[in-house]
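Chemist: Just to be clear, the model below is a prediction. Sequence and coordinates:
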Amino acid sequence: MVVPADLLAVSLVALLGAASTDALGSVLSLAAPLWQAACGAAVGWAVSWLACHRRGDHLEMAAPEGLIVAGATWVVWTVLHVAGQGAAPLDRHVSWAVMTGTFLLVFLGGWRWLYGYVRAHDSLVPAPLARRISEQEADQGEGRV
């Protein structure tokens, strides 16, 4: 689930970035950001796994894994973007980096946070208690007949 969700997230960031820089008109101009985003995500997964695998955590956790993935993706993607743009003005690079970093936090962190919320919501009632409640409801149902 992590790989498709992250690839979808960085693709959306690349699409929004291309739309905000008026580069959406050309399909070829969108290929470079997608490639850069995929490379950044792959490095982010590797860095997160190396940093957190001893604790037994998974890459779908919002913190620290999600933050590490988002941060490493942002750093790699920004370096690739700046190298690909060449001698563009510094303020253009900075504004692109701020926009991309914000979108990466929202998208890469957002789906992880929502996933964690849903997962926690499903497990609010511990399994032994849920089992006892169902047994009590079953006993009450038998007494009514």
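Modeler: Ah, there it is.
Chemist: what's the neighbour count on residue 3?
Modeler: The tally of other residues near residue 3 (other CB atoms under 10 Å) stands at 11. All C-beta atoms are positioned from the backbone trio N, CA, C, and that covers glycine.
Chemist: Can you tell me which helices and strands the strand or helix carrying it packs against?
Modeler: Assigned by DSSP states H and E, residue 3 belongs to helix 2-20. Helix 2-20 is packed against helix 27-52, helix 67-85, helix 90-122, with contacts defined by 3 or more CB pairs under 8 Å, 6 or more residues apart in numbering; DSSP states H and E.
Chemist: Chain neighbours aside, what residue packs nearest to the most centrally placed residue in the chain?
Modeler: A centroid search over the chain (CA atoms, centre = their mean) returns residue 108, at 2.1 Å, as the residue closest to the centre. In space, residue 108 comes closest to residue 70 once its chain neighbours are excluded; the distance is 4.3 Å by CB to CB, 6 or more residues apart in numbering.
Chemist: Surely the one you found is in contact with residue 106?
Modeler: No. Residue 70 is not in contact with residue 106 according to CB atoms under 8 Å; the separation is 9.3 Å.
Chemist: which of these two has more neighbours?
Modeler: Counting neighbours by other CB under 10 Å for residue 70 and for residue 106 shows that residue 70 has the greater number, 28 against 16.
Chemist: Identify the residues contacting the more buried one.
Modeler: By CB atoms under 8 Å, 6 or more residues apart in numbering, the contact list for residue 70 reads 44, 104-105, 108-109.
Chemist: switch to 6 Å and redo it
Modeler: Listed by CB atoms under 6 Å, 6 or more residues apart in numbering, the contact partners of residue 70 are 104-105, 108-109.
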